[in-house]
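Peer 1: pasting the structure only:
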């Protein structure tokens, strides 16, 4: 299928359709060649998306820059899922560690339809699964991106969200997990709980909080030594207790330990025979 839109088709639609197309957001122009994205079905000028016009006439399959960005976030995204993401493209530059939210509380979670996602999201937040948070602002919109570790898998999901009205309203959210296509997953909920906690702590720069299992073990690293002299009065002497049982003494006692009670240690074999005979006569 040719990706070139013919003039006759464009002339017929130009009189009735004034929809804005391309990244330049302009109406259709019958005098200009346009190419169509194979996912979102929108039309673009080759010069606006770094395509040569001769190449655009014969190109077999092509995806617009917006669809490419969304496919990077979620490689499993379908055309149906992509249509629900229209207008949900986060900026590519300007990301930093600033926390620009002015006001946010639990009301931002009103979009969550199921109680299970809310409870599981709170658990992920409490376990410190949210890492790598960064933010950027564009006009009155606040964007956040970060990562959330899966609860039962060795996997990390990418999260993007857009807040408005200073952070009181969630405009949209996406996650690379299967349930995050419609923005209803527990990973997004966990991220919002993390932002609410940051706001209550009045942080200005977002810390990258890591769990103890994310940190490298340091048992093999020697403790730093100091060249400062140690005063005699600062030495902690432990007084020896001669009556304290030492572990090696316990081991030595175990080798010669006799479990038979003291009253039975003097009983001989003849005594046991006499006892048996006595009991047999009584029967």
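Peer 2: Received, thanks. Given the structure is predicted, the values throughout are model-derived calculations rather than measurements.

Peer 1: domain assignment for this protein?
Peer 2: The chain resolves into domains spanning 7-63, 106-211 when parsed by automatic domain parsing.

Peer 1: Deepest in the core, which of those domains is it.
Peer 2: Neighbour counts averaged per stretch over those are highest for domain 106-211, at a mean of 17; criterion: mean count of other CB atoms under 10 Å. All C-beta atoms are positioned from the backbone trio N, CA, C, and that covers glycine.

Peer 1: can you pull the pLDDT of residue 76?
Peer 2: With respect to pLDDT, residue 76 scores 60.

Peer 1: Can you check the pLDDT for the residue lying closest to residue 26 once chain neighbours are set aside?
Peer 2: In space, and not counting its chain neighbours, residue 26 is closest to residue 20: 6.3 Å by CB to CB, 6 or more residues apart in numbering. At residue 20, the model reports a pLDDT of 73.

Peer 1: now residue 20: how far from residue 277?
Peer 2: Distance, residue 20 to residue 277, using CB to CB, to the nearest Å: 115 Å.

Peer 1: where along the protein do the strands fall?
Peer 2: For the chain, the strands defined by DSSP state E occupy 35-36, 43-44, 130-138, 141-149, 156-164, 169-175.

Peer 1: Out of those strands, which is closest to residue 263?
Peer 2: strand 141-149 (64.4 Å; CB to CB).

Peer 1: ok, back up a step: let's have the strands of the chain in JSON lines, adding mean pLDDT and distance to residue 119.
Peer 2: Shown next, in JSON lines, are these (pLDDT from 0 to 100; distance: least, CB to CB, whole Å):
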{"stretch": "strand 35-36", "mean pLDDT": "85", "distance to residue 119": "44"}
{"stretch": "strand 43-44", "mean pLDDT": "85", "distance to residue 119": "44"}
{"stretch": "strand 130-138", "mean pLDDT": "90", "distance to residue 119": "16"}
{"stretch": "strand 141-149", "mean pLDDT": "91", "distance to residue 119": "15"}
{"stretch": "strand 156-164", "mean pLDDT": "89", "distance to residue 119": "18"}
{"stretch": "strand 169-175", "mean pLDDT": "86", "distance to residue 119": "17"}
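
Peer 1: Could you export the ones you listed as TSV, including distance to residue 58?
Peer 2: Formatted as TSV, the entries for the strands of the chain read as follows, by distance: least, CB to CB, whole Å:
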stretch	distance to residue 58
strand 35-36	11
strand 43-44	16
strand 130-138	37
strand 141-149	37
strand 156-164	35
strand 169-175	34
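
Peer 1: contacting residues around residue 205?
Peer 2: For residue 205, the contacting residues are 97-99, taking CB atoms under 8 Å, 6 or more residues apart in numbering as the criterion.

Peer 1: How about residue 162?
Peer 2: By CB under 8 Å, 6+ apart, the contact set of residue 162 is 88, 90, 141-144, 170-173.

Peer 1: could you pull out the helices for the stretch 51-200 of the chain?
Peer 2: Defined through DSSP state H, counting those that start in this stretch, the helices belonging to the stretch 51-200 of the chain, from first to last, are 53-58, 65-73, 79-83, 115-126, 186-200.

Peer 1: Lowest average confidence across those helices, which one?
Peer 2: By mean pLDDT, the lowest-scoring of those turns out to be helix 79-83, with a mean of 61.

Peer 1: Bridged to the residue lying closest to residue 156 once chain neighbours are set aside, which residues?
Peer 2: If you skip the residues right next to it in sequence, residue 156 has residue 147 as its closest partner in space, 4.9 Å away by CB to CB, 6+ apart. Applying DSSP bridges to residue 147 gives these bridge partners: residue 131, residue 158.

Peer 1: thinking residue 147 is in contact with residue 155, fair?
Peer 2: No: in this structure residue 147 lies outside contact range of residue 155 using CB atoms under 8 Å: 10.3 Å.

Peer 1: before we move on, the earlier item: could you pull up the contacting residues of the residue nearest to residue 156?
Peer 2: Going by CB under 8 Å, 6+ apart, residue 147 touches 130-132, 156-159.

Peer 1: Could you tell me the backbone phi and psi angles at residue 224?
Peer 2: In terms of degrees, to the nearest 10, the main-chain angles of residue 224 are phi -60, psi 140.

Peer 1: That one: neighbouring residues, count only.
Peer 2: As a burial measure, residue 224 scores 5 neighbours (other CB atoms under 10 Å).

Peer 1: Okay then, goodbye and thanks.
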